[in-house]
Every structure is written in C-alpha cells, then in structure tokens.
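> sequence first, then the predicted structure, then my questions.
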Amino acid sequence: MIVILKSQTPLSEVERICEELRNQNNITPEKLESNHKVVIGLLGDTASLNPDQIQQLSPFIEQVLRVKKPFKRASLEFRHGEPSEVVVQTPNGAVTFGQNHPVVVVAGPCSVENEEMIVETALICKAAGAKFLRGGAYKPRTSPYAFQGHGESALELLAKAREVTGLGIITEVMDTADLDKVAAVADVVQVGARNMQNFPLLRKVGATGKPVLLKRGLSATIEEWLMAAEYILAAGNPNVILCERGIRSFDQKYTRNVLDISVIPVLRSLTHLPIMIDPSHATGKSEFVPTMAMASIAAGADSLMIEVHPNPAKALSDGPQSLTPEKFEQLMLEIAPFAKFFGRWTTLPFPTAMSSHWLHEFVDAAK
Ligand code: PEP
Ligand code: MN
C-alpha cells in the first residue's frame, strides 16, 4: 500500500503520519521522495489496513493506493511511477544507471584469465567508451570439468585493472562465503542467471548495500525475476539493476538463448528499476551481438553488457560470443549516434575513414 502526500506537506506532518502508521500492527512505513511529492510505502500485513481510515489520518494525504502486485518495493506503483536510479561511484567518477540517463556500456571478457589480458582488455574497453569492466573470477559452468575461473587471485587482477583504468568493476558472486571478498573489489556485484533464485545469496547481497546486477534466470518468468529483486530490496538495498540475458526456448540451434526484447517495455510498465541487456549471452554468437545491441537501445535499455576478448579464439570461456577489440570499437562508434538519436548518449564519436558510410550519415543526422 502507498500513501501519497500532497506537495508542500510540512516535514513535521510527514513524520507524524509515519509515526501513526508505525503504530499500526506489523506495518513498516518507508518514506520515498518522488516527483517533488512524498510517498510513504507501507510494508507488512497491509491486507488488514483500511485505506479510508488511513486517509483520515491527515488532511495532507492526497491518496491511499493498494499495490496489488506480489512484488511491492520493486513495483512502479511503489515509487508512484518515478524511475529509480542506481548511482555507482567509480574512480573515473559517478555513473548513473537509469531511464533518464545515457546508456551505460559495461564490457569485458567472460573470465579474468591473467593480468596482461585483463589490463589490456580494460584499456581497450575504456578507450572505446565503456564505463565498467566486467570479468568473472568465479564462473558458473555447466560442466564441472570446464574452467571455473581463477577465484580470489582474479579478484586481485580486477583490482589492478581498476587502478590502471579507473573503470568500475562488475564481477559475479556465486557463493555467500565469497561475498565479502567480491564486494571488496566490485563496484557492482553480479548475481548470475543460475543464482537468480538463490535466496540466501539474494538476502546477503541485499544486506551489503553494494549495487547489485541481477540477471534473469534461464527460464525465469518476469514475476519470478521481480520477486528475486524484491528479496534484495527487502533486505534494505535499493540499488538493483535488472539484466536480461536471454531465456530458454524450443529452437536454440542458431542462437544460445532467445533475447526477450519485449521485456524492456514490459518491465517499464511494472517496475522502476534500471534495465540492462546482455546480447552476448543472449545470442551466444558475436556476429549477432551488434544488431541486438542496437535493438536494445531502440527499445529503451538503460545499459548494455558486452563480452570483449583480445583473442576470442583462445578465450577460456565464451569465446564464440566475445567481440574482438576492433569489433567492439566499431560497435561503440555505431551505437553512439544511434543512442544520441534517442537522447541516451552525451558525446558523439569522430568517425574515422574506416567507419562505415551509414555511420557518417547517421552522425551528421544526429548532430
Ligand atoms: C556471465 O555474465 O558471464 C554469465 C555467466 O552470465 P549468465 O549468468 O547470464 O549466464
Ligand atoms: Mn560469459
């Protein structure tokens, strides 16, 4: 349930209403500033509350609404339609994930392989315009015989890449036992598709307060995904970014997964949380990544996650879907004017003689 207060409600009255609500059985009021209005979200046993009675608490109460969805804090209603922002402090400055901000590009290899490789990749990603380096230290692999990631030593290499480039770091945590180590290095902690419903892990990342990137489970419904986000939000961490990475379907001969682009407008109608799209894991093939990256921007994604490897043929994991540095640079040159066209980019690139003819035309049109 949410209680919307009139604008100009005095602070003392806001506090008084919260106190009155707190005195109701098993109810926790949560104050949110939204659209210059104060909205109080009520959590707990709200079924027993009578909206008309709450309305009587103060003449400053504009409206009392029930949030009918099973996810409460994650719902758009809970913020009265206002999109949330996840602001991440990186050595290069604050980066904001959110609907009214430029598209944030997150790039890097599937796994951190060695120091030279991760630092080189980080420099390439930064030069091309990425704001975050992502690379796995702990890898969830289908086969127990496949490369599992270098673990703790890879975290140190990520820290080194951060120091050299100033890029923020995104890396996955698979086990609650590793969370402190991962959170010490990561600016954003990734919860992978296979752990989307690992509830103890969700609670624990919720308790850290670190921004969390929550990937959609392989066969998770949108509601299950938002309920997973709700675990993190309910543990007190409002900094959740949702990442669509492709879902299972009946025909996966030509792509690894099916990128659910329609999830972007659907999520927009359900939640205030920022949306990232990962066309690399979705398609599983590097040649399809640029098209789906463009489609994601056109559909309104707030962020993109792209796998990049200096030598994909030799990658220890996910080589077939990783872009070469040249292909990544080309993609960034192409998406900049495209995203600018949608008002989601700040600076335009300078097309080089190598850039395609349509890119020159598009840059001119977007100017
Ligand atoms: C990854 O990001 O490298 C990864 C393993 O992704 P997912 O959890 O989406 O499979
Ligand atoms: Mn991968």
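Yep, that arrived. This structure is a prediction, so every number in the text was calculated from the model and none was measured. Numbers count the residues shown, from 1 in each chain. Ligands and ions are numbered 1, 2, ... in the order given.

> close to ligand 1: what parts of the protein are there?
Contact residues (Cβ under 6 Å from any ligand atom) of the chain with ligand 1: 110, 136, 140, 192-194, 215, 245, 281. C-beta coordinates here come from the backbone N, C-alpha and C atoms, glycine included.

> restrict those residues to those near ligand 2?
Filtering the residues of the chain next to ligand 1 for neighbours of ligand 2 using Cβ under 5 Å from the ion leaves C110.

> quick check: the residue of this protein nearest ligand 1.
Closest to ligand 1 within the chain is G192: 3.0 Å, counting by Cβ to the nearest ligand atom.

> contacting residues for that residue?
Counting by Cβ atoms under 8 Å, 6 or more residues apart in numbering, G192 makes contact with 140, 172, 174, 215.

> pipe those residues into TSV and attach secondary structure, neighbour count and pLDDT per row.
As requested, these are exported to TSV (DSSP: H, G, I helix; E, B strand; the rest coil; neighbours: other Cβ atoms under 10 Å; pLDDT from 0 to 100):
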residue	secondary structure	neighbour count	pLDDT
P140	coil	13	97
E172	strand	24	98
M174	coil	22	98
K215	strand	26	98
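
> what's the most distant pair in the residues you listed?
Spanning the widest gap among the contacts of G192 are M174 and K215, at 12.0 Å by Cβ to Cβ.

> okay, the contacts of G192 in CSV with distance to P290 next?
Listed next are the contacts of G192 as CSV, based on distance: Cβ to Cβ, whole Å:
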residue, distance to P290
P140, 26
E172, 24
M174, 30
K215, 21
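
> and the helices in the stretch 51-200 of the chain?
Taking DSSP state H, counting those that start in this stretch, the helices of the stretch 51-200 of the chain run over residues 51-55, 115-128, 152-165, 179-185, 199-208.

> elements contacting the third one?
Spelled out, it's helix 152-165. helix 115-128, strand 132-134, strand 168-172, helix 179-185 (3 or more Cβ pairs under 8 Å, 6 or more residues apart in numbering; DSSP states H and E).

> next, the buried residues of it.
Buried residues in helix 152-165, counted by 16 or more other Cβ atoms under 10 Å: 154-155, 157-158, 160-162, 164-165.

> what's in contact with it?
Helix 152-165 is contacted from outside by 91-92, 111-112, 114-115, 118-119, 121-123, 125-126, 133, 135-137, 150, 167-169, 171, 181-182, 184-187, using Cβ under 8 Å, 6+ apart.
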